[in-house]
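Undergrad: A predicted structure for the sequence below; I have some questions about it.
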Amino acid sequence: MMKKPYQPMIQNSRRRRQRTVVVTLVLSLLALALSVTMLMLGNTIYPVGDVVRVLFGADVPGASFAVNTIRLPRMLAGVFAGIAFGVAGTVFQTMLRNPLANPNVIGITTGSSAAAVFGIVVLQASNTFVSIISVIGGLLTVLAIYFLSKSAAFSIGRLVLVGIGIQAMLTAVINYLLLISRQNDVGTAMRWLSGSLNGAKMETLPPLMITVALCLPVVIWLSRQLQILELGEMTATSLGVRTNQTRVLLIIASVLMLALATATTGPIAFIAFLAGPIAKRLVGDGRSTIIPAGLVGVVLVLAADLIGQFAFTARYPVGVITGMVGAPYLIFLLIRMNKKGEL
């Protein structure tokens with residue numbers, strides 16, 4: 001019997017769907033394993049049974065304080081920041097059709113960082129107020145990029161160039177603030193700028209957790225339109241996508257997650273840059289990478305934090321480890337794009 005012409009397409013679609021499910025499941029299990037490991041490891045190593053008992057409310061001498069006060073907030077900060085950075089990064093890379101067009105490069109995280117350093121150095125503000133102005137700084141940066149790059153037709157190149165220019169300006173502002181700051185404030189600002197899970201507290205996490213819980217479903221709901229936007233403005237419009245409305249909703253949801261994550265952990269280097277390409281390589285073409293990218297972000301943050309805490313004689317912030325991994329990849333990507341004539 002002759003096969004129907006559309007059967008190979010159906011089989012390929014089924015295989016891609018199965019691959020996406022398997023990749024998502026494996027990444028979820030890996031993220032869960034890393035989360036449990038973070039709860040177990042520290043100056044004292046507690047068995048899994050004690051950790052589970054503590055999480056269910058039992059009072060275990062020593063373990064209760066270590067897990068509930070130190071390790072659980074640190075782990076949750078890593079999980080939700082990893083989701084936020086990973087999802088926001090892949091949204092911008094997909095929407096702008098450029099792996100270099102991540103929030104770090106176009107200045108969004110730099111806007112949050114500049115506002116936070118201003119709060120630390122100039123205002124001598126509390127951690128709560130620093131988080132608030134960091135979010136405001138990120139949102140104002142997006143508005144500035146949008147209005148400065150706005151014209152009759154949306155231009156990816158114009159938006160990226162404006163973002164790079166604003167990032168350079170804000171980096172100069174950060175350097176100036178560090179130059180005029182007191183010696184004690186420099187250490188605090190530099191620890192925050194390096195990206196770290198140190199000092200995470202349960203009372204500071206609800207804003208990030210609520211934002212991710214509200215914004216992630218919006219991005220997932222728009223994931224199909226996001227895939228179509230990757231085909232180009234004219235194609236997306238001809239297929240019935242309301243490009244401007246979709247783009248605005250995606251940007252708002254992504255920036256809110258990104259700003260809250262930056263306010264909570266600092267700008268953890270390269271997570272937004274790496275998560276999307278890694279997820280796309282694992283899942284393959286033709287499928288949404290929103291959820292896999294968020295899980296990759298979690299895995300990268302938690303793994304980097306464990307490496308920074310326990311793999312060396314000295315302890316390093318998570319952003320230092322991710323920077324060591326991300327910088328070579330950025331160089332590799334630039335070389336590859338240059339060979340393909342994409343730069």
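TA: Perfect, I can see it now.
Undergrad: contacts and neighbour counts: CA atoms only from here.
TA: OK.
Undergrad: what about the nearest residue to Val79 once chain neighbours are set aside, distance to Ser288?
TA: In space, and not counting its chain neighbours, Val79 is closest to Val298: 5.0 Å by Cα to Cα, 6 or more residues apart in numbering. Going from Val298 to Ser288 by Cα to Cα, to the nearest Å gives 18 Å.
Undergrad: which of these two has more neighbours?
TA: Comparing Val298 with Ser288 by neighbour count (other Cα atoms under 10 Å), the higher total belongs to Val298, at 33 against 19.
Undergrad: Contacts only, for Val79.
TA: Taking Cα atoms under 8 Å, 6 or more residues apart in numbering, we find Val79 in contact with Ser35, Val298, Val301, Leu302.
Undergrad: what about the last one, how many neighbours?
TA: By the criterion of other Cα under 10 Å, Leu302 has 28 neighbours.
Undergrad: can you check the one 3 residues further on too?
TA: The number of residues packed near Asp305 is 28, by other Cα under 10 Å.
Undergrad: what's the answer for Thr110, then?
TA: As a burial measure, Thr110 scores 28 neighbours (other Cα under 10 Å).
Undergrad: and it, what does it touch?
TA: Residues near Thr110 by Cα under 8 Å, 6+ apart: Asn104, Gly138, Gln167, Leu170, Thr171, Pro267.
Undergrad: Quick check: buried residues in stretch 222-232?
TA: Residues of stretch 222-232 classed as buried: Leu222, Ser223, Gln225, Leu226, Gln227, Ile228, Leu229, Glu230 (neighbour count, 16 or more other Cα atoms under 10 Å).
Undergrad: Now render these as JSON lines, adding secondary structure and pLDDT.
TA: Shown next, in JSON lines, are the buried residues of stretch 222-232 (DSSP: H, G, I helix; E, B strand; the rest coil; pLDDT from 0 to 100):
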{"residue": "Leu222", "secondary structure": "coil", "pLDDT": "90"}
{"residue": "Ser223", "secondary structure": "helix", "pLDDT": "88"}
{"residue": "Gln225", "secondary structure": "helix", "pLDDT": "87"}
{"residue": "Leu226", "secondary structure": "helix", "pLDDT": "85"}
{"residue": "Gln227", "secondary structure": "helix", "pLDDT": "82"}
{"residue": "Ile228", "secondary structure": "helix", "pLDDT": "82"}
{"residue": "Leu229", "secondary structure": "helix", "pLDDT": "79"}
{"residue": "Glu230", "secondary structure": "coil", "pLDDT": "76"}
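Undergrad: Which of those sits closest to Ser196?
TA: Of all these, Ser223 has the smallest distance to Ser196: 29.8 Å, by Cα to Cα.
Undergrad: What separation is there between the closest one and Arg19?
TA: Plainly put, Ser223 is 18 Å away from Arg19 if you go by Cα to Cα.
Undergrad: quick one: the residue nearest to Val79 from Phe92, how far?
TA: The gap separating Val298 from Phe92 is 18 Å, by Cα to Cα.
Undergrad: before we move on, the earlier item: any chance of the buried residues of stretch 222-232 in CSV, plus distance to Pro317?
TA: Listed next are the buried residues of stretch 222-232 as CSV, based on distance: Cα to Cα, whole Å:
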residue, distance to Pro317
Leu222, 34
Ser223, 33
Gln225, 37
Leu226, 33
Gln227, 35
Ile228, 38
Leu229, 36
Glu230, 35
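Undergrad: what's the closest of those to Phe147?
TA: Nearest to Phe147 among the buried residues of stretch 222-232: Leu229, at 20.6 Å, using Cα to Cα.
Undergrad: ok, now which ones touch the spatially closest residue to the closest one that is not a sequence neighbour?
TA: Spatial nearest neighbour of Leu229, excluding adjacent residues (Cα to Cα, 6+ apart): Ala236 at 5.4 Å. The contact partners of Ala236, taken as Cα under 8 Å, 6+ apart, are Ile228, Leu229, Arg242, Thr243.
Undergrad: May I ask which two of the residues you listed are separated the most?
TA: Using Cα to Cα, the pair of the contacts of Ala236 lying farthest apart is Ile228 and Arg242, separated by 10.7 Å.
Undergrad: Could you look up the SS state of Gly308?
TA: Of the three states, Gly308 takes helix according to DSSP: H, G, I helix; E, B strand; the rest coil.
Undergrad: Quick check: the nearest residue to it once chain neighbours are set aside vs Ile290, distance?
TA: Counting by Cα to Cα, 6+ apart, Tyr316 is the residue found nearest to Gly308 once chain neighbours are left out, at 4.7 Å. Distance of Tyr316 to Ile290, computed by Cα to Cα: 29 Å.
Undergrad: Equivalent analysis for Ala114, please.
TA: Ala114 is 28 Å from Ile290, by Cα to Cα.
Undergrad: avg pLDDT for the helix or strand that contains Leu177?
TA: Counting by DSSP states H and E, the element that carries Leu177 is helix 156-180. Regarding helix 156-180, the rounded mean pLDDT is 84.
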